[in-house]
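K.L.:
below are the sequence and a predicted model; questions follow.
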Amino acid sequence: MSFWERRRRSIFDLFDDIMREMEEMLFGLERELDMMARSTPIEYRGPIVYGFKITIGPDGKPIIEEFGNIRRRRGRAEISEEIEPLVDVFDYGDKVVVVAEMPGVDKDKIDVRITKDNRLIIKASNKNKKYYKEVELPPDVKPDTAKAKYKNGVLEVVIEKKSEKKEEGIRVKIEEE
């Protein structure tokens, strides 16, 4: 692509590219589900949830993240009992905030843990809904400061980060002899 072609690309061209990529992804998923339904009888009787979110990465390219209970394994779509919730991770410098959408579960049925290798594990199980998600956290979080709130189907986990200030040590006074 020449300089002039790149220069003429507008935000609308980028939006068209994203929409084209989303359409291809949805048509592919629709074909996979159709083939799966025709080849094997579906025994799963729970809700089927599928969604995606699009963000723009630091390199300017779109990042498409899928959520729900449809997973792609070995080139095939599989329906899982556990729903992967839509999750956003925000890094505010002094803290990390993880927001997960998990409607339909009771607060006391949610289990939130941070592993030794800095992974946040969110599990929830209610009568007919199960959620599961693992989120990789930055290495400089302090797990013992984690606090979680759940309201209106949205779980928010706030974790403080270690101070970025590097201590220069203790100043030693030099005495005269």
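P.N.:
Everything's here; your move.

K.L.:
any idea how far residue 133 lies from residue 74?
P.N.:
22 Å (C-beta to C-beta, to the nearest Å). Glycine gets a C-beta too; all of them are placed from N, C-alpha and C.

K.L.:
so for those two, which sits in the more crowded spot?
P.N.:
The neighbour comparison of residue 133 against residue 74 (other C-beta atoms under 10 Å) goes to residue 133, with 20 against 5.

K.L.:
element containing residue 14?
P.N.:
Under the criterion of DSSP states H and E, residue 14 resides in helix 11-39.

K.L.:
what's the following helix or strand after that helix?
P.N.:
Next element after helix 11-39 (DSSP H and E): strand 50-56.

K.L.:
which strands or helices does that following strand pack on?
P.N.:
helix 11-39, strand 62-73 (3 or more C-beta pairs under 8 Å, 6 or more residues apart in numbering; DSSP states H and E).

K.L.:
domains in the protein, by residue range?
P.N.:
The record's domain parsing of the chain by automatic domain parsing lists 1-83, 85-163.

K.L.:
weakest of these in terms of mean pLDDT?
P.N.:
Least confidently modelled of those is domain 1-83, at a mean of 74 by mean pLDDT.

K.L.:
surely residue 144 is within a helix?
P.N.:
Yes: judged by DSSP: H, G, I helix; E, B strand; the rest coil, residue 144 forms part of a helix.

K.L.:
what's the separation between the most centrally placed residue in the chain and residue 134?
P.N.:
In the chain, the centroid-proximal residue (C-alpha atoms, centre = their mean) is residue 87; its distance is 3.9 Å. Noted for residue 87: a distance of 10 Å to residue 134, by C-beta to C-beta.

K.L.:
overlap in contacts of the two?
P.N.:
residue 122 (C-beta atoms under 8 Å, 6 or more residues apart in numbering).

K.L.:
quick revisit: ranking the domains of the chain by burial, who's on top?
P.N.:
Neighbour counts (mean count of other C-beta atoms under 10 Å) averaged over each of these peak at domain 85-163, with a mean of 15.

K.L.:
can you tell me what sits against the one helix or strand residue 159 maps to?
P.N.:
Assigned by DSSP H and E, residue 159 belongs to strand 154-160. Here strand 154-160 makes contact (C-beta under 8 Å, 6+ apart) with 85, 94-102, 110, 112, 114, 120, 122, 137, 141-143, 145-150.
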